[in-house]
Structures are given as structure tokens and as C-alpha cells.
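>>> how would this look folded up:
(chains A and B)
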Amino acid sequence: DAKTTQPPSMDCAEGRAANLPCNHSTISGNEYVYWYRQIHSQGPQYIIHGLKNNETNEMASLIITEDRKSSTLILPHATLRDTAVYYCIVEYSGGGADGLTFGKGTHLIIQP
Amino acid sequence: ETGVTQSPTHLIKTRGQQVTLRCSSQSGHNTVSWYQQALGQGPQFIFQYYREEENGRGNFPPRFSGLQFPNYSSELNVNALELDDSALYLCASSGPQSRETQYFGPGTRLLVL
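Residues are numbered from 1 along each chain as shown, chains lettered A, B, ... in the order given. Okay, the predicted model is just below:
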């Protein structure tokens, strides 16, 4: 079973920041938080991951709370192409031999 | 683009038949993981191959089997197809160290009639 809880859906206006929350209250000390997204009928796309520090790359920022029990993925300037299902995954680095455990994710809809 | 390719993109089979799906991993990656994604669900882990050996498996029956070749490409074989096997099959490559970030291919859509 997935170790994360995400809202099933969210809306965001185009050009605004999209903030996607994720709860992972049972995360252990050496588990990472990974974010992937899946645009309709395509393979999941890796976005970002982190252990305890905030992370930023060209796609997004990841904010992890100090107690590591929750995190927020931030898309700074959402576009229509960001409409997708976003998965928050907690795993030992990369998922390893047990694979990645996907939940149902958050369906983010960017409104024009 | 991740550099992970899968073939075919779509196929249709009938119940009881066998199917082989193929995956080419990203350059420099030696690990391939396979996932099944039913409509409306998140991907479910089938198994992982590392350096040509299966080194992890999810809750799938033995009729799901695989191979990894010396160039690290991989095959997923499913025997005795059932209607519930209809799904998007995804492969992901990672490496060269174990437990590195997985990068997914576009998937193969299988329909079993």
C-alpha cells in the first residue's frame, strides 16, 4: 500500500503557482520523497525528489516539513501542459528491488 | 524524453494467448523495472531486473515472467492472458548504481478480448 495521502483533485489557474500537498506521517529516516507526474496515457515523468532539505530544479520545488511528515510540490508558473496526475511516493532511494509504490495521486487541472 | 523506449505501442490479444513486450533502457542504465497500470489506477510493480537477474517481484503470478539481455534491454512475457491483463504496461530504467531514480518509457497498451 502507498505510504502517502494526497487530495484526489485540485484546480489551479494558468500562470499561478500550483501547490500540491502530500502527507507521509509514517516516513522513516532514510526514505526519500519522490514526485512523478503522468499526463494522460503517457508514462510517468520524474519531477523531483528529496530527503530532508528543500529541493529545486527546472521543473519544480519540493518543500519538506522539518518533521518530514508532509511535503509540498510547487509548480511556480503553471501552464495548461501541467495538467496531469501527480504522484507523491515515499521510498528508499529509487525504489530499489521493491519498485515504486504508487497511490492514486492528485489530478491537477490547470484552468485557462 | 527519457531515452527509454517500448514496443509495440498498442496490441490486441485474445484470452489464453501469450504476449511479449519489449523495453530498451536509457544509455548507462543497468536496471529495468516493469509496472502494470489498469485504467484509473496508479502503476503496480511487477518485477525488476538488475544485471540480467530478477532481483525483486511484486504480487503477480508466475505467468508474468521476464528477461534482461546483456545490453540491458528487457522483455516482459505474459502467458495465458486473462481479460484483467488489459492495461498499460510500463518499463522504467535506472542505474548504474542500485536504488537510483527510475525513468519511465511511454508504455505499451495491451487489450485482451
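>>> residue contacts, the most centrally placed residue in chain B?
Centroid-nearest residue in chain B, with CA atoms, centre = their mean: B:Trp34, separated by 3.2 Å. For B:Trp34, the contact set (CB atoms under 8 Å, 6 or more residues apart in numbering or on different chains) comprises B:Cys23, B:Phe45, B:Ile46, B:Phe47, B:Gln48, B:Gly66, B:Ser74, B:Leu76, B:Tyr89, B:Leu90, B:Cys91, B:Ala92. (Glycine included, C-beta is placed from N, CA and C.)
>>> So what pairs up with the closest residue to B:Gln44 other than its chain neighbours in the strands?
Counting by CB to CB, 6 or more residues apart in numbering or on different chains, the nearest residue to B:Gln44 once its immediate chain neighbours are dropped is B:Gln36, at 5.1 Å. Legend: beta-bridge partners of B:Gln36 under DSSP bridges are B:Gln44, B:Tyr89.
>>> Please list the residues of chain A that sit near chain B.
Counting by CB under 8 Å from any CB of the partner chain, chain A comes close to chain B at A:2, A:34, A:36, A:41-46, A:49, A:87, A:92-105.
>>> so where's chain B shaky on pLDDT?
B:98 (pLDDT under 70).
>>> how about 90 then?
Where chain B drops to pLDDT under 90, the residues are B:1-2, B:27-28, B:40, B:51, B:55, B:95-101.
>>> Now stretch A:91-109: buried residues?
Neighbour counts over stretch A:91-109 (16 or more other CB atoms under 10 Å in any protein chain shown) mark A:91, A:93-103, A:105-108 as buried.
>>> cool, and stretch B:86-103?
Neighbour count says stretch B:86-103 has B:86-95, B:98-103 buried, by 16+ other CB under 10 Å.
>>> Report the beta-bridge partners for residue 20.
Because you didn't say which chain, this covers chain A. The partner residues for A:Leu20, given DSSP bridges, come to A:Leu73.
>>> ah, I was thinking of chain B
B:Asn77.
>>> Kindly report the residues of chain B close to chain A.
B:2, B:4, B:33, B:35, B:41-48, B:50, B:55-56, B:58, B:88, B:90, B:92, B:94, B:98-107, B:109.
>>> Please repeat the previous calculation with a cut-off of 7 Å.
B:33, B:42-43, B:45, B:48, B:55-56, B:58, B:90, B:94, B:98-107 (CB under 7 Å from any CB of the partner chain).
>>> Counting only strands, which of the residues you listed make the cut?
If you go by DSSP state E, these have B:Ser33, B:Phe45, B:Gln48, B:Asn55, B:Gly56, B:Leu90, B:Ser94, B:Tyr103, B:Phe104 in strands.
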